[in-house]
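**Q** Next one to model:
(2 chains)
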Amino acid sequence: MTDATLHGPLSARSEILARIRSANREVFGADRDLTPDESWRTIPRAYRHNSPLTDAGRIQLITERLIEYGAGVYPCRSAQVADNVAEILRSRRKQNILVSSDVDPNWLPHEGPTYVYDHALSYSEIEACDGVLTGCTVAIATTGTLALCHTSAGSRRALSLLPDYHLCVVDAATIVETVPEGFHALEPHRLQPITLISGPSATADIEMTRIQGVHGPRVLDCVIVV
Amino acid sequence: MSTLPAHDLKDRRSPDFPSAALPLLQDVQLRSNVRHATGVIQGKRARVVGEMPDWQALRDAGQRIRAHTLEYLDFYLEQFEQRCSAAGGHVHWARDGAEANRIVLALAQNSTRRVIEIKSMTTEETGLNRALEAAGISPVETDLAELIVQLGHDKPSHIVVPALHKNRQQVRELFARTMNLPDLGERPEDLAEAARLHLRRQFLSTPVAISGANFLIAETGGVCIVESEGNGRMCLTLPRRLISVAGIDKIIPRFQDLEVMLQVLPRSATGERMNPYNSVWTGVHSGDGPEEFHVVLLDNRRTEVLRDAEARETLHCIRCGACQNACPVYRQTGGHAYGSVYAGPIGAILTPQLAMMESGQSLPYASSLCGACYEVCPVKINIPEILIHLRGRVVTGRPNALRAFHPEAVVMRAMQWIFSNSTRFSVAQRAGRIAQRPWIRRSGWIEHLPSVLGGWTRTRDLRPLPPQSFREWFQARNHASTSSPKSSEAPHD
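**A** Model (predicted):
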């Protein structure tokens, strides 16, 4: 009866809920044995959860998958990340680089690019950057997916969206094999905005031909820190 | 494509499927575009589904998650509302499309003359764009295919790839004309670049965006949108106000359930292991994205579908479009023949139900019941069985007077009378052998039958009744066997 007192007897809310209840009563009878929680736990989940792959196997798999999407992949040791980033940005001719707040300062080369940090930048200022450097919370090898959790304003979603170039640094320790493992790792972040990125933006809307780069970054590079 | 059938979900004037399909079947270009596109997606899907050793287990889980959600739908909707509101979102409820459109209009009207939109079957279903235009607000579709449809004043023909009926030359011609780009190339890259430039300013300057939703997560109050181009991310990140319109069937119980949905949906929809972008957000996030977020929960007769124990699994649908690509009927006609927002096998079961069986009655018959749609469905909707069930509802739904004298009913009653008695049956066979003579062609087939029977031969040829029936042969054989046991030859039929 709270429906009626809160929203009035003829509110759309109470009417829709009443229709659902009456339909489900017709189909299942008045009483159901299980609570929603108990019933949810009976859902069979016989699909693969855990991965048999070794660390090296996961890195190899995600590398193959990302390359298939048209992304560039550069594995390296942690001491060489800055050198690698410098080299990649030089060869891509990217100068003004937006730096997301989840980026480890040790990854940044001392010479070369100009770094832009997001202190309430306008969208035009973000768009004017040549590219963006971000980290990655979880990576899923089977699907070549980089999951970005936007934990603070300094790593907001627009940063990895408006510039035409995205360089993502992935710690190999965050790479899992399967999608269920990935969502398990994302569970603590489930209330934050999450963006799953699998390759550069793309479309197949014209004759089902996959082409890279529509509205999101047209080029995606990925440094994997082994 | 010259003329298109009316597409209102409930428009009773829209022609029935066979009439609408006829001109489309004569459009060679359209058929070749549809055949090419559906063939490509099917091939890609088969490859990425084939590499999954646990595909059937994922389908089972997907089916059970959807069935479970519908069984506790009231609980999950209330939970979603509570959690989304707690995270700073506003939840609205709409009994039908008109009410949903009124809510969206009220939210958009005072702040903007223009809104940007992410492709949504749900707002297509409510006819939101027409309502916005009538109120003086221009909706800008941002999905490449929807942009093609909008600029061409066309209608979507596929759930996932709405402009699949257009080829690159047709799109180039359209963009060159409407965007004033006479030198535009016809490579898909050129066309995507044109769309990128055309829409970039709109993304940055439009204060209100409207989206659908792929999944509403009850546990967190979050929303998930699945896309490829980045237009979705633009719409749900950049504007100040975001309005998502979602059917009440879009709920999933928990965040964890995405681990199933985001495996089966991309592989089924576009044949990719994962689509380029999936976004999940919950209410409003300070310093990131829109300052204001609204969800409109739409019923629009979904609760009526829920009432039919044998057809309610129609609402399991996650809009992947795999059934359309697999359907031998859709692959011939394309989506427009269905005269409905939802085309193909899923449209054939969803449309008449959402229209309370008052229109779209021809759609459950627009199928050969081959079962290809069921086989590819990632949440195992038994579409062929629901088609048969709905055919039954179409027949029993006819007014009593019409039901008794409907030609099909009269013929069926006559057949029943004849078939229930062996004398009547053999008399009818003998009479039929004489009556069929004028209709047998030189080819040995009956190609045209008169009056109501002509419906059968309009699309198929018939074998004539054989000169001897099985019973006649059997009796003749018994007589003959007393003299010579091997003299009879079995009739060919």
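**Q** mind checking how far the nearest residue to B:Tyr338 once chain neighbours are set aside is from chain A?
**A** Of all residues not flanking B:Tyr338 in the chain, B:Gly347 sits nearest, at 4.9 Å (Cβ to Cβ, 6 or more residues apart in numbering or on different chains). C-beta coordinates here come from the backbone N, C-alpha and C atoms, glycine included. Look at B:Gly347 and chain A: by Cβ to the nearest Cβ, to the nearest Å, they are 20 Å apart.
**Q** same question, B:Glu133
**A** B:Glu133 sits 23 Å away from chain A, going by Cβ to the nearest Cβ.
**Q** likewise B:Asn129?
**A** Applying Cβ to the nearest Cβ, the value for B:Asn129 to chain A is 19 Å.
**Q** swap in B:Ser244?
**A** Per Cβ to the nearest Cβ, B:Ser244 is found 14 Å from chain A.
**Q** Could you pull up the residues touching residue 169?
**A** You didn't say which chain, so I picked chain A. Contacts here follow Cβ atoms under 8 Å, 6 or more residues apart in numbering or on different chains; on that basis A:Val169 touches A:81, A:85, A:103-104, A:107, A:133-136, A:222-223, A:225.
**Q** Wait, chain B was what I had in mind.
**A** Residues near B:Gln169 by Cβ under 8 Å, 6+ apart: B:Glu186.
**Q** Check the one 10 residues further on too.
**A** With contacts defined as Cβ under 8 Å, 6+ apart, the neighbours of B:Met179 are B:151, B:194, B:198.
**Q** Excluding chain neighbours, what is closest to the last one?
**A** The one in question is B:His198. B:Met179 (5.6 Å).
**Q** Can you check what pLDDT the model gives that neighbour?
**A** At B:Met179, the model reports a pLDDT of 92.
**Q** sorry, back to before: could you dump the contacts of B:Met179 into a markdown table and include secondary structure, neighbour count and pLDDT?
**A** As requested, the contacts of B:Met179 are exported to a markdown table (DSSP: H, G, I helix; E, B strand; the rest coil; neighbours: other Cβ atoms under 10 Å in any protein chain shown; pLDDT from 0 to 100):
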| residue | secondary structure | neighbour count | pLDDT |
| --- | --- | --- | --- |
| B:Leu151 | helix | 18 | 93 |
| B:Ala194 | helix | 20 | 91 |
| B:His198 | helix | 17 | 90 |
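**Q** Let's have the residues you listed in a markdown table, adding distance to B:Arg301.
**A** Below are these laid out as a markdown table (distance: Cβ to Cβ, whole Å):
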| residue | distance to B:Arg301 |
| --- | --- |
| B:Leu151 | 31 |
| B:Ala194 | 39 |
| B:His198 | 36 |
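**Q** Would you enumerate the residues in contact with the residue nearest to B:Tyr338?
**A** By Cβ under 8 Å, 6+ apart, the contact set of B:Gly347 is B:324, B:335, B:338, B:340-341, B:363.
**Q** Let me know the distance separating A:Thr143 from chain B.
**A** Separation of A:Thr143 from chain B (Cβ to the nearest Cβ): 4 Å.
**Q** Is the closest residue in space to that residue that isn't next to it in sequence in a helix, a strand, or coil?
**A** Nearest residue to A:Thr143, sequence neighbours excluded (Cβ to Cβ, 6+ apart): B:Met274, at 3.8 Å. Under the three-state scheme (DSSP: H, G, I helix; E, B strand; the rest coil), B:Met274 adopts coil.
**Q** for the helix or strand in which A:Val170 is found, what is the average pLDDT?
**A** Assigned by DSSP states H and E, A:Val170 belongs to strand A:165-171. The average pLDDT for strand A:165-171 rounds to 97.
**Q** Name the strands paired with that strand and say parallel or antiparallel.
**A** Next to strand A:165-171 in the sheet, as set by DSSP bridges, lie strand A:131-134 (parallel), strand A:219-225 (parallel).
**Q** which residues touch the residue nearest to A:Glu127 when sequence neighbours are not counted?
**A** Spatial nearest neighbour of A:Glu127, excluding adjacent residues (Cβ to Cβ, 6+ apart): A:Leu162 at 4.3 Å. The contact partners of A:Leu162, taken as Cβ under 8 Å, 6+ apart, are A:123, A:126-127, A:129.
**Q** and what of B:Glu272?
**A** Residues in contact with B:Glu272 (Cβ under 8 Å, 6+ apart) are A:198, B:44, B:48, B:266.
**Q** Report the two of those residues separated the most.
**A** Greatest spacing in these, by Cβ to Cβ: A:Ser198 and B:Lys44 (14.6 Å).
**Q** For those two, indicate the residue with more neighbours.
**A** Applying other Cβ atoms under 10 Å in any protein chain shown to A:Ser198 and B:Lys44 shows that A:Ser198 carries more neighbours, namely 25 against 18.
**Q** May I have the phi/psi pair for the more buried one?
**A** phi -130, psi 80 (degrees, to the nearest 10).
**Q** Tell me the spacing between it and A:Ile140.
**A** 9 Å (Cβ to Cβ, to the nearest Å).
**Q** for A:Gln80, same thing?
**A** Using Cβ to Cβ, we find A:Gln80 at a distance of 25 Å from A:Ile140.
**Q** which one of these two has more residues nearby?
**A** Neighbours were counted for A:Gln80 and for A:Ile140 using other Cβ under 10 Å; A:Ile140 has more, 30 against 15.
**Q** ok, the more buried one touching A:Thr178?
**A** Yes - at 7.2 Å, A:Ile140 and A:Thr178 qualify as touching, with contact defined as Cβ atoms under 8 Å.
**Q** can you pull the contacts of residue 191?
**A** Since you didn't name a chain, this refers to chain A. Contacts of A:Leu191 by Cβ under 8 Å, 6+ apart are B:87, B:220, B:222, B:282.
**Q** Chain B was what I was after
**A** Neighbouring residues of B:Leu191 by Cβ under 8 Å, 6+ apart: A:206, B:144, B:168, B:171-172, B:175, B:184-185.
**Q** Same check on B:Trp55?
**A** Counting by Cβ under 8 Å, 6+ apart, B:Trp55 has contacts B:Val49.
**Q** if you take the average position of chain A, which residue is closest to it?
**A** Nearest to the mean C-alpha position of chain A, by Cα atoms, centre = their mean, lies A:Leu196 at 2.3 Å.
**Q** Wait, a helix at that residue?
**A** No - per three-state DSSP, A:Leu196 lies outside any helix segment and is strand.
**Q** Could you check how far it is from B:Asp288?
**A** Distance from A:Leu196 to B:Asp288, by Cβ to Cβ: 16 Å.
**Q** and if you look at B:Gly454?
**A** Distance of B:Gly454 to B:Asp288, given as Cβ to Cβ: 65 Å.
**Q** Compare neighbour counts for the two and give me the winner.
**A** More crowded of B:Gly454 and B:Asp288, by other Cβ under 10 Å: B:Asp288, with 20 against 10.
**Q** mind checking how far that one is from A:Asp104?
**A** B:Asp288 is 21 Å from A:Asp104, by Cβ to Cβ.
**Q** just to revisit the earlier point, which of the contacts of A:Leu191 tops the neighbour count?
**A** Neighbour count (other Cβ under 10 Å) singles out B:Gly222 as the most crowded of the contacts of A:Leu191, with 28 neighbours.
**Q** circling back to that earlier point, now the contacts of B:Glu272 in a markdown table, with secondary structure?
**A** Below are the contacts of B:Glu272 laid out as a markdown table (three-state DSSP):
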| residue | secondary structure |
| --- | --- |
| A:Ser198 | coil |
| B:Lys44 | helix |
| B:Val48 | helix |
| B:Pro266 | helix |
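**Q** Let me know the closest of those to B:Ile446.
**A** Proximity of those to B:Ile446 (Cβ to Cβ) peaks at B:Lys44, which lies at 43.1 Å.
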